[in-house]
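Visitor: got a predicted structure plus its sequence, pasted below:
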There are 2 protein chains.
Amino acid sequence: MSFDLEGFLPYRLSVAATLVSRRFAALYGAEAGLTIPEWRVLAHLNRSGAVSVRDINVRVNLDKSIVSRAASRLEQAGLVRKAGHSGDRRLIALELTPKGQELMGRLGRIADAFQAELLAELGPDAAGLDRALDRLIARGV
Amino acid sequence: MSFDLEGFLPYRLSVAATLVSRRFAALYGAEAGLTIPEWRVLAHLNRSGAVSVRDINVRVNLDKSIVSRAASRLEQAGLVRKAGHSGDRRLIALELTPKGQELMGRLGRIADAFQAELLAELGPDAAGLDRALDRLIARGV
DNA sequence: TTGACATCGTTGCAATAGCAACGATAATCC
DNA sequence: GGATTATCGTTGCTATTGCAACGATGTCAA
């Protein structure tokens, strides 16, 4: 039997991820014209308070150049503030502005609603998907 | 409780897909320097015989410009042949050359082995993952 | 100290993706 | 039949990616 692309996990994962991302982008795109890196940076800052580019780069799986550029655009838009880290002058301290916090409040609710929608679609398979993703992500890092 | 990116399905899917793709690319990269679109086109042709750009574009989730350029590179490399479709002269008929078939034979075995490795890692959650991907992909198209 | 090496954030650059536009051919409608 | 509309594959164009290099700062050992 020759190889079947349609049943190949890396392919299926990639297609599913693209489709789901696109659905979500359509939701938050209406609220704020963010790119995916910008969204990830914002979402991470929403949780972790002041943090460096390197931190985000590691935790959120984005090249540091992408984080750097996303942060600049977000700063331009008044959503993020860059401050010098006290102590280590190589680091910068990124944090949300009040405007950024307010936006993330709205986006967080949209994201939570979308997550609930996905879980409902998946029904009983959601748990297996979650565990599988855990393993794949843990393995890959 | 504020929004948690680490638990957000679109994010987790995207990270997992990237990691798995990277692992696989490392495997076939050693065998042949193919890009992902090139690999997908090749894998699709391996199954479906002579087929048009449009066909691949639809089935394999790649923009037709990407398919077109991938096909040109593959033709350049002697892996694929472009023929005129009889009947409808807008279409072209892409098919593997013997060299392309031979390469796909090897890559297919590598891919099957990788798939087996993934399934082993996932253990009992593989089934749930598979059903979940089915749903997400079906829903998204 | 001071000199070698590591790490931070930014920037430059080549390759790619994704979209729109194009010429060529088909299909459809009057 | 002729005009309009749709579809095919290709190409141009712009934004984004991902990698490498850079200057600046820190660290560590002799």
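Guide: Great, that's in hand. Residues are numbered from 1 along each chain as shown, chains lettered A, B, ... in the order given.
Visitor: before we move on, which element is the residue of chain A found nearest chain B in?
Guide: Nearest residue of chain A to chain B, counting by C-beta to the nearest C-beta: residue A:128, 1.8 Å away. Bear in mind the C-beta positions are built from the backbone N, C-alpha and C, glycine included. Element membership for residue A:128 (DSSP states H and E) is helix A:126-140.
Visitor: what separates that helix from the chain centre, distance-wise?
Guide: Centroid separation for helix A:126-140 versus its chain: 17 Å, with C-alpha atoms, centre = their mean, to the nearest Å.
Visitor: and that helix, average pLDDT?
Guide: Computed over helix A:126-140, the mean pLDDT rounds to 91.
Visitor: and that helix with helix B:126-140, angle?
Guide: Per axes from the mean of the first three to the mean of the last three C-alpha atoms, to 10 degrees, the angle that helix A:126-140 makes with helix B:126-140 is 110 degrees.
Visitor: run a quick neighbour tally on the residue nearest to the residue of chain A closest to chain B when sequence neighbours are not counted.
Guide: Setting aside the residues directly before and after it, residue A:128 is nearest to residue B:128 in space (C-beta to C-beta, 6 or more residues apart in numbering or on different chains), at 1.8 Å. When neighbours are counted by other C-beta atoms under 10 Å in any protein chain shown, residue B:128 registers 20.
Visitor: residues in contact with the longest helix along chain A?
Guide: Taking DSSP state H as the criterion, chain A has its longest helix at helix A:98-122. Applying C-beta atoms under 8 Å, 6 or more residues apart in numbering or on different chains, the contact partners of helix A:98-122 are A:20, A:23-24, A:27-28, A:31-32, A:39, A:42-43, A:45-46, A:74, A:78-80, A:96, A:126, A:129, B:2-3, B:7-10, B:132, B:135-136, B:139.
Visitor: closest to the centroid, which residue in chain A?
Guide: In chain A, the C-alpha nearest the mean C-alpha coordinate belongs to residue A:40, at 3.1 Å (C-alpha atoms, centre = their mean).
Visitor: what angle do the strand or helix carrying that one and helix A:98-122 make?
Guide: In this assignment (DSSP H and E), residue A:40 forms part of helix A:36-48. Counting by the same axes, to 10 degrees, helix A:36-48 lies at 100 degrees to helix A:98-122.
Visitor: and DNA strand C, is the next helix-or-strand element following helix A:36-48 touching that?
Guide: Note on helix A:36-48: by DSSP H and E, the next helix or strand toward the C-terminus is helix A:53-59. Yes - using C-beta under 7 Å from any atom of the strand, a contact is recorded between helix A:53-59 and DNA strand C, made by A:53-54, A:57.
Visitor: and helix A:53-59, what does it pack against?
Guide: With contacts defined as 3 or more C-beta pairs under 8 Å, 6 or more residues apart in numbering or on different chains; DSSP states H and E, the packing partners of helix A:53-59 are helix A:36-48, helix A:64-76, strand A:92-96.
Visitor: contacts for it?
Guide: Here helix A:53-59 makes contact (C-beta under 8 Å, 6+ apart) with A:40-41, A:44-45, A:48, A:62-64, A:67-68, A:71, A:91-92, A:94.
Visitor: check the offset of it from the chain's centre.
Guide: 12 Å.
Visitor: so how far is DNA strand C from residue A:35?
Guide: To DNA strand C, residue A:35 is 12 Å away according to C-beta to the nearest atom of the strand, to the nearest Å.
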